[in-house]
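**Q** coords please:
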Amino acid sequence: MTDRNRRVVLAERPSGMVDDRTTRLEETDLPTPGEGEALARVRYISIDPTIRTWMDDAPGYLPPIAIDEVVRAGGVAEVVQSNAEQYKPGDMLFGFTGWQEYVLASEAGGYQGLPDGVPPTMALSLFGVTGMTAYFGLIDVGQVKAGDVVVVSGAAGATGSTVGQIAKIKGAAKVVGIAGGPQKCAWIVDELGFDEAIDYKSDDVAARLREAAPEGIDLYFDNVGGPILDACLAQLALRGRIVLCGAISGYNDRSAAKGPANYANLIIKRGRMEGFLILDYLDRFPAAQAEMAAWLAEGKIKSSEHIVEGLEHAPDALNLLFTGGNTGKVIVKV
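**A** Numbering: from 1, shown residues only. Predicted structure coming up:
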């Protein structure tokens, strides 16, 4: 085992996309575990859009990443040395590892063992925060029900692709995905079972929504915000629901973000628009993961991971989420 720890720290706050100046790859001494701690080698890092928001000096549900601090991210790490009774060498743990090769893990720090039989990458996708966000956002917040017409933006991404599949499992009459490019649109229909796909890069989204949901949208799961949210608001059905999960279209330039012009349609349609954070559902993860596992075993749901090799490529992996270069969950293999 090496005595050095490679890590990626925030060098300066980005303006727009993350670039070579935003982060810095550096080496430090390997941390030494204290009482109740374990030294764990990071194997996989979860790449999520919210990482970009943490890089800004702006209020949020977690503090901004400080300059010269390791970039915050969830990940899976393998215990290599332990001073904690609950961890032993070889155990695979999930927690906030950050963009680095080694981390000190403890129960106080929120590190949990992976469920038996769950592959590490799937612990970051279907059984991790991504899958749980789709599950609770759709079922608890959106209150999806049989017969709904469901529309999902960012439909070829990690959360959106899972949302559409769960909606079909729950009996939605029609699931429409909004994605970028013909390959992604074909993938969500042919592989994941979406009923229709709208290509926001080439289609008139508003016109296509009127065609796909002529009686209106019962449930819209929003991952992007911006003009697509506005178009879905305009096509909302009576007592339609909108789940606000993300607004990735504005993460690289918050100053340019504008509120939806069609919000007043919520009044006319007696609709509801609600945001949520997955942190509110942590105690319910085990039950949701068990249901996900059953769906996976029955072939009702699929998981797709987009693997990027090498810690040094973590910034590039993050940018994939904003250029549309990924299909499914982006994960860095350290």
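
**Q** Torsion angles phi and psi at residue 312?
**A** phi -60, psi -20 (degrees, to the nearest 10).

**Q** Nearest spatial neighbour of it, chain-adjacent residues omitted?
**A** residue 25 (5.6 Å; CB to CB, 6 or more residues apart in numbering). Heads up, the C-betas are built off the backbone N, CA and C, glycines and all.

**Q** Check which helices and strands the helix or strand hosting residue 206 sits against.
**A** For residue 206, the host element (DSSP states H and E) is helix 205-212. Secondary-structure packing of helix 205-212 (3 or more CB pairs under 8 Å, 6 or more residues apart in numbering; DSSP states H and E): strand 174-179, strand 196-199, helix 226-234.

**Q** Please state the offset of it from the chain centre?
**A** 26 Å (CA atoms, centre = their mean, to the nearest Å).

**Q** ok, then the element right after that helix?
**A** Immediately after helix 205-212, counting by DSSP H and E, sits strand 217-222.

**Q** What strands line up against that next one, and which way round?
**A** Strand 217-222 has the following sheet partners, assigned by DSSP bridges: strand 149-153 (parallel), strand 236-244 (parallel).

**Q** which stretch among those comes nearest residue 58?
**A** strand 236-244 (17.5 Å; CB to CB).

**Q** buried set for that closest one?
**A** Across strand 236-244, burial judged by 16 or more other CB atoms under 10 Å covers 236, 237, 240, 241, 242, 243, 244.

**Q** of these, closest to residue 30?
**A** The closest of those, once distances to residue 30 are taken by CB to CB, is residue 244, at 41.5 Å.

**Q** Look up phi and psi at the nearest residue to the closest one once chain neighbours are set aside.
**A** Computed as CB to CB, 6+ apart, the closest residue to residue 244 that is not its neighbour in sequence is residue 275, at 3.9 Å. For residue 275, the backbone dihedrals (degrees, to the nearest 10) come out as phi -100, psi 170.

**Q** residues in contact with residue 275?
**A** Residue 275 sits next to 243, 244, 245 when contact means CB atoms under 8 Å, 6 or more residues apart in numbering.

**Q** Now name the helix or strand holding the residue nearest to residue 312.
**A** Assigned by DSSP H and E, residue 25 belongs to strand 23-29.

**Q** now residue 45
**A** strand 38-46.

**Q** Summarise which helices and strands that strand is packed against.
**A** strand 74-82, strand 92-96, strand 102-105, helix 120-124, strand 329-333.

**Q** Would you check how far apart the residue nearest to residue 244 and residue 73 are?
**A** Computed with CB to CB, to the nearest Å, the distance linking residue 275 and residue 73 is 22 Å.

**Q** Show me the protein divided up by domain.
**A** The chain is divided into the following domains under automatic domain parsing: 4-124+304-333, 129-279.

**Q** got TSV for those domains, with distance to residue 288 and mean pLDDT too?
**A** Formatted as TSV, the domains of the chain follow (distance: least, CB to CB, whole Å; pLDDT from 0 to 100):
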stretch	distance to residue 288	mean pLDDT
domain 4-124+304-333	12	95
domain 129-279	5	95
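
**Q** Ranking these by mean neighbour count, which comes first?
**A** Highest mean neighbour count of these: domain 129-279, a mean of 20 (counted as mean count of other CB atoms under 10 Å).

**Q** now the end-to-end length of it.
**A** This stretch, domain 129-279, spans 9 Å end to end (CA to CA, to the nearest Å).

**Q** and if you look at stretch 209-220?
**A** 11 Å.

**Q** Ok, stretch 92-111 next?
**A** Using CA to CA, one end of stretch 92-111 lies 10 Å from the other.

**Q** Same question for stretch 150-161.
**A** Using CA to CA, one end of stretch 150-161 lies 13 Å from the other.

**Q** Report the distance from it to the chain centre.
**A** Offset of stretch 150-161 from its chain centre (CA atoms, centre = their mean): 10 Å.
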